[in-house]
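Enquirer: from the sequence below, what's the structure:
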Amino acid sequence: MKTHCCFCGQQCGIQLKVRENRVIGFEPWEEFPFNRGMLCPKGVKRYMQGNHPDRLLSPLMRSEKGFRPATWDEALDFTAGRIREIQEKHGKDAIAIYGGASLSTEKSYLMGKLARVALGTRHIDYNGRLCMVSAGTPYGVNQAHPNAYKDILRCIVQNRDNLGYAWRILRDGCCDGCSLGTSGLHDWTMKGVHLCNVRLELLRLNTMPDVDYHLLEDVRTLQDKSEKELRQLGRLSVPMIRRRGDTGFQRISWDEMTGFLAEELHRIDPKRLAWYMTSRGLTNEAYYAHQKVARFIGTNHVDTSARICHAPSTAGLSATVGCAATTCSYYDWVGADLVVLVGTNLANNQPVATKYLHYAKKAGTKVFMVNPYFEPGLERYWVRSGE
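Expert: Take a look at the predicted model:
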């Protein structure tokens with residue numbers, strides 16, 4: 001059965017082998033134009049989750065001895081009762097709704113209705129926003145940065161004590177902003193230079209000096225510092241540990257650190273372990289090594305922030321248009337008569353897509369935007385890596 005890998009937003013083509021309504025394997029889909037039959041280690045294993053014996057198929061309720069099986073009626077009655085008790089005691093807004101990564105657009109709509117109409121709470125969120133909002137933060141809300149020479153100058157000033165290493169990271173290193181830019185300023189993603197504001201904003205994380213670890217020995221002295229101020233303290237270059245009851249972290253040797261981790265990993269049941277990886281600065285090779293280590297230890301709980309970020313679009317596209325991936329390539333924009341953008345904050349969150357839009361406009365393509373939120377970046381935007 002020809003379908004799409006549902007791991008991330010790239011949506012590579014894949015052919016699943018099905019027997020008696022169970023997926024038993026896969027074959028490359030070499031005709032699919034995006035990946036030409038190639039899959040990453042995550043996509044290769046993705047199909048195994050559907051029939052995995054550890055998959056939860058019925059409600060469980062927590063007791064003093066752990067979790068016990070429960071009926072749907074029992075679980076729903078308990079949940080409804082607790083929600084009613086909490087709201088009667090603390091008010092409607094004491095309840096928050098948080099959507100997961102596997103919800104389609106229709107289900108997300110119903111979650112919103114459940115929160116605002118049925119429960120009467122204004123607290124509703126989902127992990128896609130938490131993931132993608134970081135990409136738009138450097139630009140700020142309702143702000144555009146055309147001809148952003150000030151941003152480039154600030155990046156140079158921030159990294160002035162280690163400019164040689166900063167240039168080496170940009171020229172040869174992996175982009176810390178997303179999974180693209182795996183080989184410096186040039187890669188297979190697009191022609192020309194690959195560089196966005198997010199990458200410049202994150203560059204200092206690699207070039208800053210070591211933090212004075214003595215500052216972490218009593219964290220009470222750091223309570224009044226902002227997140228930005230804490231990051232500016234420097235990079236942690238030595239292992240530290242905080243034990244129960246301590247006011248802060250104490251430095252330990254590398255041997256002590258590896259010994260402690262090995263002891264804990266040996267003590268804990270592998271089914272209670274989980275491996276979680278961020279998308280920042282990790283290449284496919286690093287992902288592959290991480291999942292190998294996790295399975296060597298004996299756990300199959302491996303996840304990444306990229307899946308949590310992109311799975312909502314996978315489910316939404318599949319439910320609405322019948323295809324879990326885009327039906328065209330970025331290259332199809334260039335030279336098209338018209339590109340219509342509906343409800344997107346492209347200039348803030350997708351610098352790669354914005355560059356292709358830049359190429360399309362240069363080729364004479366007209367761009368039409370349908371969005372109740374006016375995004376200045378789409379009206380006046382400077383692609384710093386463009387010609």
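Enquirer: now do stretch 336-349: distance to the chain's middle.
Expert: What separates the centre of stretch 336-349 from the centre of its chain is 21 Å, taken as Cα atoms, centre = their mean, to the nearest Å.
Enquirer: and for stretch 64-81?
Expert: Relative to its chain's centre, stretch 64-81 lies at 32 Å (Cα atoms, centre = their mean).
Enquirer: and what of stretch 151-161?
Expert: Taking mean C-alpha positions (Cα atoms, centre = their mean), stretch 151-161 and its chain are 27 Å apart.
Enquirer: and it, which residues are buried?
Expert: Buried residues in stretch 151-161, counted by 16 or more other Cβ atoms under 10 Å: 151, 155, 158, 159. (C-beta placed from N, C-alpha, C; glycine too.)
Enquirer: before we move on, what about stretch 328-343?
Expert: Those would be 330, 333, 334, 339, 341, for stretch 328-343 by 16+ other Cβ under 10 Å.
Enquirer: next, format these as TSV and append distance to residue 198 and pLDDT.
Expert: Formatted as TSV, the buried residues of stretch 328-343 follow (distance: Cβ to Cβ, whole Å; pLDDT from 0 to 100):
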residue	distance to residue 198	pLDDT
330	18	80
333	21	89
334	23	89
339	23	92
341	20	86
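Enquirer: can you pick out the most distant pair from those?
Expert: 334 and 341 (15.2 Å; Cβ to Cβ).
Enquirer: C-terminal to the lowest-mean-pLDDT helix or strand in the chain, what's the next element?
Expert: None of the helices or strands of the chain scores lower by mean pLDDT, DSSP states H and E than helix 127-136, at a mean of 57. Downstream of helix 127-136, the first helix or strand assigned by DSSP states H and E is helix 149-158.
Enquirer: on the three-state scheme, the nearest residue to residue 317 once chain neighbours are set aside is what?
Expert: Distance criterion Cβ to Cβ, 6 or more residues apart in numbering; nearest residue to residue 317, sequence neighbours excluded, is residue 324 at 5.3 Å. Residue 324 falls in the coil class when you classify it by DSSP: H, G, I helix; E, B strand; the rest coil.
Enquirer: and residue 324, how far from residue 346?
Expert: Distance, residue 324 to residue 346, by Cβ to Cβ, to the nearest Å: 20 Å.
Enquirer: from residue 77, how far off is the residue nearest to residue 317?
Expert: Distance from residue 324 to residue 77, by Cβ to Cβ: 35 Å.
Enquirer: residue 170 is in contact with residue 186, isn't it?
Expert: No - between residue 170 and residue 186 there is no contact, the gap being 10.9 Å when judged by Cβ atoms under 8 Å.
Enquirer: comparing these two, which residue is more hemmed in?
Expert: Legend: neighbour count by other Cβ atoms under 10 Å for residue 170 and residue 186, higher for residue 170 (21 against 14).
Enquirer: which residues touch that one?
Expert: Residues in contact with residue 170, defined by Cβ atoms under 8 Å, 6 or more residues apart in numbering, are 184, 185, 195, 199, 203.
Enquirer: residue 317 should be in a helix, yeah?
Expert: Yes - residue state for residue 317 (three-state DSSP) corresponds to a helix.
Enquirer: OK, contacts around it?
Expert: 323, 324, 325, 326.
Enquirer: out of these, which two sit at the greatest distance?
Expert: Maximum pairwise distance among those (Cβ to Cβ): 9.5 Å, between 324 and 326.
Enquirer: and those two? Which one has more around it.
Expert: residue 324 (19 against 15).
Enquirer: against residue 294, how distant is that one?
Expert: In terms of Cβ to Cβ, residue 324 sits 26 Å off from residue 294.
Enquirer: ditto for residue 209
Expert: From residue 209 across to residue 294, the span is 32 Å (Cβ to Cβ).
Enquirer: which of the three states applies to the residue nearest to residue 54 when sequence neighbours are not counted?
Expert: Distances taken as Cβ to Cβ, 6+ apart put residue 300 closest to residue 54, at 7.0 Å, once the chain neighbours are dropped. Under the three-state scheme (three-state DSSP), residue 300 adopts coil.
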